[in-house]
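> Got a predicted model here, sequence first, then my questions.
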Amino acid sequence: MRSWLYVMSAPATTAWAEWPAMLCAQGEVQQLTLGGLRERVGTQRLLVIVPVEWATWCRGEALAGRGRASRASQCFALEEQLSSDLDTLHLALAPLDKQRRASGWALERARFTAFWAALGEAGVQVTRMVVDADLLPLQSTQAQWLCGRWILGGSLEARLALDDQQRQAWAGQLAPGFDWPQPATPSHDEQVLAAMAERAPGATDLCQAGFRAHRSRIAWQAIAGAALVLALMPSGLDLYRAQVLDQAAERLDQASVQAYAQGYGQTLPVTALASRLQAMQVAHQRQQGRLLPRLQQLSSVVVSDQLAQVSGLEFEQGKWRLEVTAREFADLDELQRRWQAQGFAVQVGSARKSEQGVQVQIVLKG
């Protein structure tokens, strides 16, 4: 049986240490608080299920273009469905559906951050985090009673929780035949949550955008270690050769300096300085010779088809920093693909919509 932690619905003023929860560990289900979790199980890797009251589910219009859409374009598509500023929200995105519509869960970022910290203090290692209303069968045409309220989701274009009074208001808006089955056994909640936990892999994971789930260390460390050794073998050989050559060059340089000092005495420092300055000048010219072709490649992508306008350009420590304004997100995605085809590593920053179009900061390396 999968181990899980269900965080129950409670008043927002409840302290995290006193927040009620249900824990399933080693086949045993028990009710407790987050503050008492460490005393019961110590450090535990768990699937965490949170109440739908914490989150808002939204779905946007179909995105233009084909292929994978960037996170920025999906967030912008959902922004119109949300009442709060995106900067104050944690947005967990689901995969695009067949109609290329973006969907996901929006949670208050400050509250979600505090909850994440409370889980860490309780010793919980989160393997995945999902919303309870996201765990109903996709074709379900019935509500689900869970922990004192009704959960709606499944085939509906809504994900929410209702009490009995709210149920009466919603009943008339739903399709005929929509069912509200009553709990049949005292262990109803435990049975429902066990079934929900088995459907968790198909639900949207809230561990996104800075909130990373805990993965199995042994397996991943072994794989990463093997990959790192294979990747570094050529680099290690090159580094060893470079060190041998560098040591040999240093010995020759010292011998040359000593021999030259014996013949020319105090004129050595000036001669050595001139040689070093000349070498630095040659290196600088070589760098400039490499930068100019890359700048031409970078600008040719922007000029082609007039996809965007560049309002700012900086080069620092091998990276190009651009301020780009495009007509729409599809143009930004096309720019990103073209730059990657030119051999640039592309990092897209936060985007914002203005009267001129979509403005975004882009960092190119290569």
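Nice, I can see it.
> which residues does Ser9 contact?
Ser9 makes contact with Pro51, Glu53, Cys147, Gly148, Arg149, Ala161, according to CB atoms under 8 Å, 6 or more residues apart in numbering. C-betas here are computed from N, CA, C, even on glycine.
> Pick the one among those closest to Cys75.
Using CB to CB, Glu53 comes nearest to Cys75 of the contacts of Ser9, at 22.7 Å.
> since we're on that closest one, how many residues are nearby?
Glu53 has 16 neighbouring residues, counting by other CB atoms under 10 Å.
> Looking at it now. What's its pLDDT?
In this prediction, Glu53 carries a pLDDT score of 95.
> Phi and psi next, for the nearest residue to it once chain neighbours are set aside.
With CB to CB, 6 or more residues apart in numbering as the criterion, Glu53 has its nearest non-adjacent residue at 5.0 Å, and that residue is Ser9. Main-chain torsions, Ser9, degrees, to the nearest 10: phi -70, psi 140.
> go on, Gln342?
Dihedral pair for Gln342: phi -80, psi 0, per degrees, to the nearest 10.
> Run a quick neighbour tally on it.
Around Gln342 there are 14 other residues, counting by other CB under 10 Å.
> So, low pLDDT: which residues of the stretch 201-350 of the chain?
Scanning the stretch 201-350 of the chain for pLDDT under 70 picks out 214-307.
> Helices of the stretch 251-366 of the chain, start to end?
Under the criterion DSSP state H, counting those that start in this stretch, the stretch 251-366 of the chain contains helices at 268-303, 329-341.
> Any figure for the gap between the residue nearest to Ala64 when sequence neighbours are not counted and Ala62?
Leaving aside its chain neighbours, Ala64 sits nearest to Ala330 (4.8 Å; criterion: CB to CB, 6+ apart). The gap separating Ala330 from Ala62 is 12 Å, by CB to CB, to the nearest Å.
> and if you look at Leu135?
26 Å.
> before we move on, what about Gly349?
From Gly349 to Ala62 the distance is 25 Å (CB to CB).
> Likewise for Trp180?
For Trp180, the distance to Ala62 equals 33 Å [CB to CB].
> And for Ala209?
As judged by CB to CB, Ala209 and Ala62 stand 23 Å apart.
> Leu322 now?
Distance from Leu322 to Ala62, by CB to CB: 29 Å.
> Same check on Gln139?
In this view, Gln139 and Ala62 are 22 Å apart by CB to CB.
> Specify which residue of the two has the higher count of neighbours.
Taking neighbours as other CB under 10 Å, Gln139 and Ala62 compare with Ala62 leading, 12 against 7.
> For the more buried one, give the beta-bridge partners.
According to DSSP bridges, the partner residues bridging Ala62 are Arg101.
> quick one: it and Ala77, what's the gap?
9 Å.
> hey, what's in contact with both of the two?
Arg101.
> List the residues that contact Arg167.
By CB under 8 Å, 6+ apart, the contact list for Arg167 reads Ala143, Trp150, Trp180.
> what would those look like in CSV with pLDDT, distance to Leu107 and neighbour count?
Shown next, in CSV, are the contacts of Arg167 (pLDDT from 0 to 100; distance: CB to CB, whole Å; neighbours: other CB atoms under 10 Å):
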residue, pLDDT, distance to Leu107, neighbour count
Ala143, 89, 23, 24
Trp150, 93, 21, 18
Trp180, 87, 27, 16
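> Show only the entries of those residues found in strands.
Trp150 (DSSP state E).
> What is the nearest of the contacts of Arg167 to Arg199?
Among the contacts of Arg167, Ala143 lies closest to Arg199 (CB to CB), at 16.3 Å.
> Trp150 is in contact with the closest one, correct?
Yes: at 4.4 Å, Ala143 counts as touching Trp150 under the criterion of CB atoms under 8 Å.
> okay, and the common contacts of these two?
With CB under 8 Å, 6+ apart as the test, Ala143 and Trp150 both reach Leu162, Arg167, Trp180.
> how about the first one, what does it touch?
Put plainly, it is Leu162. Residues near Leu162 by CB under 8 Å, 6+ apart: Ala143, Arg149, Trp150, Leu152, Trp170.
> Buried residues of whatever helix or strand Ala195 lives in, list them for me.
Using DSSP states H and E, Ala195 sits within helix 188-198. Residues of helix 188-198 classed as buried: Asp189, Glu190, Val192, Leu193, Ala194, Met196, Ala197 (neighbour count, 16 or more other CB atoms under 10 Å).
> for the nearest residue to the fourth one once chain neighbours are set aside, what are its contacts?
Spatially, and ignoring its direct neighbours in sequence, Leu193 is nearest to Tyr6 (5.4 Å; CB to CB, 6+ apart). Shown here is Tyr6, whose contacts under the criterion CB under 8 Å, 6+ apart are Ala21, Met22, Leu23, Ile49, Asp132, Cys147, Leu193.
> so Tyr6 bridges to which residues?
The partner residues for Tyr6, given DSSP bridges, come to Met22, Ile49.
> all numbers from here: first residue = 28
I'll keep to 28 as the first residue from here, and by that count the last item is Tyr33.
> Leaving out chain neighbours, which residue sits closest to Ala121?
Leaving aside its sequence neighbours, Ala121 sits nearest to Thr231 (CB to CB, 6+ apart; 4.3 Å).
> Just give the number of residues close to that neighbour.
Count around Thr231 with other CB under 10 Å applied: 18.
> so how far is Glu355 from it?
To Glu355, Thr231 is 25 Å away according to CB to CB.
> And for Arg176?
From Arg176 to Glu355 the distance is 41 Å (CB to CB).
> again, but for Gln363
Using CB to CB, we find Gln363 at a distance of 13 Å from Glu355.
> same question, Gln53
52 Å.
> and the residue most central in space within the chain, what does it touch?
The residue lying closest to the centre of the chain (CA atoms, centre = their mean) is Ala236, at 3.2 Å. Listed by CB under 8 Å, 6+ apart, the contact partners of Ala236 are Arg98, His117, Leu118, Ala119.
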